[in-house]
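> model this:
(chains A, B, C and D)
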Amino acid sequence: MTNQIVLPDVEALAARVADGAKVAVFKDGAVPMDLGRALVRKGVRGLHVVTVPTSGLLADMLIGAGCVATIETSGVTMSEFGQAPCFGRAVKSSSLKIMDATCPAVYTGLQAAEKGVPFIPMRGLIGSDILANRPDFKTIDNPYDADGGDDPIVAIPAIRPDVSLIHAPLADAFGNVWIGRQAELKIMAHASAESLITCERLYEGNLLEDPHLAPAVIPSMYVGGIAVAERGGWPLGLTGEYDDDPDAILAYIQAAATPEGFQDWLAEHVFGSGAADARVPAQAAE
Amino acid sequence: MTNQIVLPDVEALAARVADGAKVAVFKDGAVPMDLGRALVRKGVRGLHVVTVPTSGLLADMLIGAGCVATIETSGVTMSEFGQAPCFGRAVKSSSLKIMDATCPAVYTGLQAAEKGVPFIPMRGLIGSDILANRPDFKTIDNPYDADGGDDPIVAIPAIRPDVSLIHAPLADAFGNVWIGRQAELKIMAHASAESLITCERLYEGNLLEDPHLAPAVIPSMYVGGIAVAERGGWPLGLTGEYDDDPDAILAYIQAAATPEGFQDWLAEHVFGSGAADARVPAQAAE
Amino acid sequence: MSGYRSEELLISVISRLLADCGHIAVGVSSPIPGSAALLTQATSDRPVRVSVIGAETPEFRTDGGVDLFDSAGQGRIDAFFLSGGQIDGEANINLVGIGDYPEMKVRWSGSFGSAHLYFMVPKVILFREEHTTRTMVDKVDFISAPGWSPDNVHRPGGPYGLVTNLCLFMFDRPNRRFRLESLHPGVTLEEVQDNTGFNFEIPEVVPETQAPDQAKLELLRSTVAQKIADPYPKFAERVWGVKAAA
Amino acid sequence: MSGYRSEELLISVISRLLADCGHIAVGVSSPIPGSAALLTQATSDRPVRVSVIGAETPEFRTDGGVDLFDSAGQGRIDAFFLSGGQIDGEANINLVGIGDYPEMKVRWSGSFGSAHLYFMVPKVILFREEHTTRTMVDKVDFISAPGWSPDNVHRPGGPYGLVTNLCLFMFDRPNRRFRLESLHPGVTLEEVQDNTGFNFEIPEVVPETQAPDQAKLELLRSTVAQKIADPYPKFAERVWGVKAAA
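Numbering: from 1, shown residues only, chains lettered A, B, ... in the order given. Here you go, the predicted model:
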């Protein structure tokens, strides 16, 4: 029971993501770029990507590679590096269905899924074009309005990803994952049917037995598979481990400014020599 | 800014709890018994105690000492040691208003307060006498019912304590508190206007700077005051630090079987020699 | 009733009700249900997760109290155990007290998580050793959690069986009543009828509750006894003379 | 405009709007608002907490992203900053793009937390350096968050002021329009009018924006520069030549 959860490589993890899956990814500091590259190699199609609550390079790369049918997001941005090139192109060309959200609505929807309730109410949103373009968001009357008058409040429906993709510092052979300070990853994992984890290294022993590490552990119950991916966030950083590689991020943005440049980038960094060590065929991964 | 948050003793903390305050206490493993004894000495009256989601010795002692007007609880029990004696007497004599709840409703109400929303819906409860006796719980129609039919769901109103009382292993001079694995304490702290903390010992430096401790820290923003109380949970245990003292708990239950016995217990363990080292007058505590 | 202890019989009965469960959660102070869950784990041919509320052992831990209820809300828990100071013929349970609410003659601790878990966990096993007209009543004085709900109420879970020191009842959800499934060795139908305050269905033939076989007893006395000693050391020592590992 | 940098003027203007705030939160990539918050902290006679989203420094950290929005929902945050690719005369902001939604001519990143924070934080300061008819428009193409709400909508927060590289507007909530509060040194009323796509109230006398005095400049160049170098090292180095502590 303890060992089958640790898979040989990211290709074996990627094999668990089906075409059309609803996939949650975190905004930063825990982004599994190696696993993203494996998804591109696998050629997954039709993903519904939920960004928690925003995304950058990972979402942009998956969109550029044609993996994504729908994106549910509060923002796709390369932050200080600028706009996300493939995302911008896909929106303009109508090749991507976009469900614009606002950050706390994404968290709230995941929290509703976590609790197994159909919705959780949220303040704000009323009068925005976000709400106007989200027919899946319903506005109800607050039953606790003190004045007994009308007090509309938006009921955010549960967001239930099929899978959440997480890069973490540590995982153990029992299937437990140490996430550090990013408490939102727990919400993602709880809300998703399963989580696929890449980690920098395996922890010897049981993470739940260390009283200092245990509070920030996603327990194995929520974990579908783990693979070691050293510097698996590159070129993004991993909180507490290593920083962004700004030159590599800038190189991506410059390359992805055109569809051709993006294909060249994929050829080098996903299919090519830049990713050689990760290129194990999915079959061999079983 | 760094030092005024650490107060000289539990009496100074107790001084911040006003008569009639809504006070949240945790079920086990983090129960500030020393602070509870200080509240009894101070003679606080009319508390509305919210047990998160249950309580034992602390609630029973405060009830026996006449500090409590209302208890909102999913259970008051000495667990394997038996029924809570003062609680049982107070219910029978109508000297205590009781608001019976169910554990997840308490958590849900605190989570609504944490988010600043008026309510969060919860499954269950319908058809129970808990719901029948909680006019403050309203049942609404699930707006996301797939069949479009009626699907009643209980909207649990936010629970907003004035103060939560927590005993923790560590706190620092910046006002940060390390709680270990009891993640529910964060919900309590976020939901309450402020938290009063006793801790086993002060941590040198800033808890938020330790990457292993930071994930389980209640940040100073939620903390109203801290006092060191070594073995401050006695006779209850503190998770990861020390166990319950079963003999002392049994002695309490036997003494509290009668009102007179309970008064003797108070005289010895709260006002008397058994608590001598904590008996600093509140005035001197400023 | 020779060859095994009464606890071993109850554990074995409960364990059989847990077949096909992948995740069994156990409440506080529930050593017999906990042992039954571990016996199921030891005999199942697929992985079975056992969570014990409040346990310190990593293997048994949930991700906190909120996580337990949330997991149940999501349908991630297949079986749970509830008890009652009173249980009635419609499987309503009362954990609050006896008499008129709120100033009851006898006040118990409270409803804990029952009003949620009884709705959300598919197989809720009711377990109450004391089987008397005091515990098995016609109508509970306070419904901590109802045994059934109207059709429009979202309720994926509910009562499955009721295990006492006299017999096993199964709950017939469509007909909202208990059916006597088996009598524990040495117990007569009359004894059950005399000690039960509610009406229940009696099949033409009521079999004897199956006693644990030698293989199960060996598992109980080795693997299960060792494991249960961690959350419940006193129980393991009393029943099997086993001490928890240091 | 000698004696101080344009960034220092903007920081000083924003800081004056933050008087009386006990907890100021700052979003990602907001070095000027962040510096203004720190200047407020350095000059206030009571404790001021400054939270910077995504910051690593303990002092600036929130308890995670959810906690930030939850804190705002509870009213624990007194001031926040928002911007907009477009801002219109009713203080509606657009962070989504230009053209017809959803296939917009220009697509920006998205609305982030604006549709919640703009409602819940009492003093929201709009900050956009570029002041042109492209950014200050009559009507935004997409309302990420509206500048005002009908009376029945729960809205303890909303727009307070709008700071650009030309001037300071204050938002008149009852009348749902901006009022020109002051012109930055060297800027004329005509210049603001020519570069603003919306109508706004013009008082009879429009004062010049107060420049930072020597004491404030010294604070900025010492305390504030040192502190802001932690979340925003590039900014601190560019404006003040200060490097972050190792």
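
> whatever residue of chain C ends up closest to chain A: what's it in contact with?
Residue nearest to chain A within chain C (C-beta to the nearest C-beta): C:G73, separated by 2.8 Å. From N, CA and C alone the C-beta is placed, and that goes for glycine too. C:G73 makes contact with A:115-117, B:104, B:123, C:116, C:120, according to C-beta atoms under 8 Å, 6 or more residues apart in numbering or on different chains.

> repeat that for 7 Å
Applying C-beta atoms under 7 Å, 6 or more residues apart in numbering or on different chains to C:G73 gives the contacts A:115-117, B:123, C:120.

> which secondary structure element contains it?
Taking DSSP states H and E as the criterion, the element that holds C:G73 is helix C:65-74.

> now A:V25
When elements are defined using DSSP H and E, A:V25 is found to belong to strand A:22-26.

> now that strand and helix D:65-74, what's the angle there?
Following axes from the mean of the first three to the mean of the last three C-alpha atoms, to 10 degrees, one obtains 80 degrees for the angle between strand A:22-26 and helix D:65-74.

> so how far is strand A:22-26 off the chain centroid?
Relative to the chain's own centre, strand A:22-26 is displaced by 3 Å; criterion: C-alpha atoms, centre = their mean, to the nearest Å.

> then stretch C:62-76?
19 Å.

> would you mind writing the CA trace of it as CSV?
Listed next in CSV are the C-alpha coordinates belonging to stretch C:62-76 (Å, rounded to 0.1, in the frame of the first residue of the first chain):
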residue,chain,number,x,y,z
THR,C,62,-7.8,12.8,9.5
ASP,C,63,-6.7,16.2,8.3
GLY,C,64,-8.4,17.8,11.3
GLY,C,65,-12.0,17.9,12.5
VAL,C,66,-13.2,20.2,9.7
ASP,C,67,-11.7,17.8,7.2
LEU,C,68,-13.6,14.9,8.6
PHE,C,69,-16.9,16.5,8.1
ASP,C,70,-16.0,18.0,4.8
SER,C,71,-14.8,14.5,3.6
ALA,C,72,-18.1,13.1,4.6
GLY,C,73,-19.9,15.9,2.8
GLN,C,74,-18.0,15.0,-0.3
GLY,C,75,-18.8,11.3,0.0
ARG,C,76,-15.2,10.4,0.7
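
> in it, what's buried?
Under the neighbour-count criterion of 16 or more other C-beta atoms under 10 Å in any protein chain shown, stretch C:62-76 has C:62-74, C:76 buried.

> now do the helices in chain C.
Secondary structure of chain C (DSSP state H): helices at C:6-17, C:31-43, C:65-74, C:114-120, C:189-194, C:214-219, C:225-228, C:233-240.

> what about the first one, distance to the chain center?
So the one you mean is helix C:6-17. 10 Å.

> what sits up against that helix?
Applying C-beta under 7 Å, 6+ apart, the contact partners of helix C:6-17 are C:32-33, C:35-36, C:39-40, C:125, C:127, C:160-161, C:163, C:165, C:168, C:184, C:209, C:211-212, C:216-217, C:220, C:239.

> what is the neighbour count of C:A225?
For C:A225, the tally of surrounding residues (other C-beta atoms under 10 Å in any protein chain shown) stands at 19.

> go on, C:E56?
If you count neighbours by other C-beta under 10 Å, C:E56 ends up with 15.

> residue numbers of the stretch 101-250 of chain A in contact with chain B?
Near chain B, the residues belonging to the stretch 101-250 of chain A are A:116-123, A:138, A:140, A:142-144, A:155, A:157, A:180-181, A:183, A:211-216, A:240 when assessed by C-beta under 7 Å from any C-beta of the partner chain.

> show me where chain C has its strands.
Along chain C, counting by DSSP state E, strands occupy C:23-26, C:49-52, C:79-82, C:86-88, C:93-94, C:97-98, C:106-107, C:123-127, C:136-137, C:159-163, C:167-172, C:177-183.

> report the contact partners of C:S83.
With contacts defined as C-beta under 7 Å, 6+ apart, the neighbours of C:S83 are C:126-128.

> again, only using 6 Å
C:S83 is in contact with C:127-128, counting by C-beta atoms under 6 Å, 6 or more residues apart in numbering or on different chains.

> quick check: phi and psi on it?
Backbone dihedrals for C:S83, given as degrees, to the nearest 10, come out at phi -130, psi -170.

> and it, what's its pLDDT?
Among the per-residue scores, C:S83 shows a pLDDT of 96.

> before we move on, what about A:A282?
Predicted confidence (pLDDT) at A:A282: the value is 34.

> kindly report the same for C:F60.
89.

> name the nearest residue to it, ignoring sequence neighbours.
What sits nearest to C:F60 in space, not counting adjacent residues and going by C-beta to C-beta, 6 or more residues apart in numbering or on different chains, is C:V52, at 4.0 Å.

> in the sheet, who's paired with that neighbour?
In this structure, C:V52 has the following beta-bridge partners (DSSP bridges): C:V26.

> count of neighbours near residue 144?
Using chain A. If we define neighbours as other C-beta under 10 Å, then A:Y144 has 18 of them.

> try chain C instead
Residues within reach of C:S144, counting by other C-beta under 10 Å, total 29.

> any idea what sits nearest it, other than its immediate chain neighbours?
Distances taken as C-beta to C-beta, 6+ apart place C:S111 nearest to C:S144, at 3.8 Å, with adjacent residues excluded.

> what about the one you found, how many neighbours?
By the measure other C-beta under 10 Å, the count of residues near C:S111 is 32.

> does it touch B:C103 like I think?
No - in this structure C:S111 lies outside contact range of B:C103 using C-beta atoms under 6 Å: 8.3 Å.

> show me what from chain A comes close to chain D.
Remark: the part of chain A in contact with chain D comprises A:73-77, A:80, A:88, A:91, A:94, A:98, A:102-104, A:107, A:123-130, A:150, A:183-184, using C-beta under 6 Å from any C-beta of the partner chain.

> which of these are buried?
The neighbour-count test (16+ other C-beta under 10 Å) marks A:73-77, A:88, A:91, A:98, A:102-104, A:107, A:123-130, A:183-184 as buried among the residues of chain A next to chain D.

> chain neighbours aside, what residue packs nearest to residue 132?
In the absence of a named chain, chain A is used. Excluding its sequence neighbours, the residue lying closest to A:A132 (C-beta to C-beta, 6+ apart) is D:I143, at 8.0 Å.

> sorry, I should have been clearer: chain C.
In space, not counting the residues next to it along the chain, C:T132 is nearest to C:N195; the distance is 5.2 Å by C-beta to C-beta, 6+ apart.

> so for the one you found, what's the pLDDT?
In this model, C:N195 is scored at 98, pLDDT.
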